[in-house]
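Asker: this one's sequence-less:
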């Protein structure tokens with residue numbers, strides 16, 4: 001059994017290096033439907049005709065009264081306010097953890 005006594009987690013140095021040298025390709029983002037469409041897991045995300053990510057989870061939020069989702073997208077499309085197209089309809093990237101959404 002391996003016991004880590006260094007005070008960090010396994011793989012931390014690799015992650016730190018990727019972050020330092022800006023090599024991380026995708027970011028996790030929050031999404032909301034802009035037209036009220038139901039969002040679904042595994043829906044492809046596109047910007048114009050380019051595939052840029054996939055929804056990893058989606059749910060109808062009773063607190064916000066709309067569908068919200070998490071997705072991995074290419075880092076160039078992770079800025080809040082970015083409009084994308086999903087298999088279910090148009091979506092917008094929002095700031096996590098969804099606190100700024102109005103019910």
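Answerer: Thanks, I have the structure now. Fair warning: this is a prediction, and the values are worked out from it, not measured in the lab.
Asker: check the offset of the longest strand along the chain from the chain's centre.
Answerer: Taking DSSP state E as the criterion, the chain has its longest strand at strand 50-61. Relative to its chain's centre, strand 50-61 lies at 7 Å (C-alpha atoms, centre = their mean, to the nearest Å).
Asker: these two touch, right, residue 92 and residue 84?
Answerer: Yes. Between residue 92 and residue 84 there is a contact under C-beta atoms under 8 Å: 7.5 Å. For glycine as for every other residue, the C-beta is placed from the backbone atoms N, C-alpha and C.
Asker: which one of these two is surrounded by more residues?
Answerer: Set residue 92 next to residue 84 and count neighbours by other C-beta atoms under 10 Å: residue 84 wins out with 21 against 15.
Asker: what about the helices in this protein?
Answerer: Ranges of helices within the chain are 12-20, based on DSSP state H.
Asker: on that earlier part again, ok, the longest strand of the chain: who's next to it in the sheet?
Answerer: strand 44-47 (antiparallel), strand 66-74 (antiparallel) (DSSP bridges).
Asker: quick check: mean pLDDT of the longest one?
Answerer: What it means is strand 66-74. Averaged over strand 66-74, pLDDT sits at 94.
Asker: and that strand, which residues are buried?
Answerer: For strand 66-74, the neighbour count (16 or more other C-beta atoms under 10 Å) marks 66, 67, 68, 69, 70, 71, 72, 73 as buried.
Asker: between the residues you listed, which is nearest residue 8?
Answerer: Distance to residue 8, by C-beta to C-beta, is smallest for residue 72 among the buried residues of strand 66-74, at 24.6 Å.
Asker: got a list of contacts for stretch 29-42?
Answerer: For stretch 29-42, contacts defined as C-beta atoms under 8 Å, 6 or more residues apart in numbering pick out 45, 54-58, 60, 64, 66-73, 78, 83-84, 86-98, 101.
Asker: any idea how far the residue nearest the centre of the chain lies from residue 11?
Answerer: With distances taken as C-alpha atoms, centre = their mean, residue 29 lies nearest the centre of the chain, 2.4 Å away. Remark: distance between residue 29 and residue 11 (C-beta to C-beta, to the nearest Å) = 23 Å.
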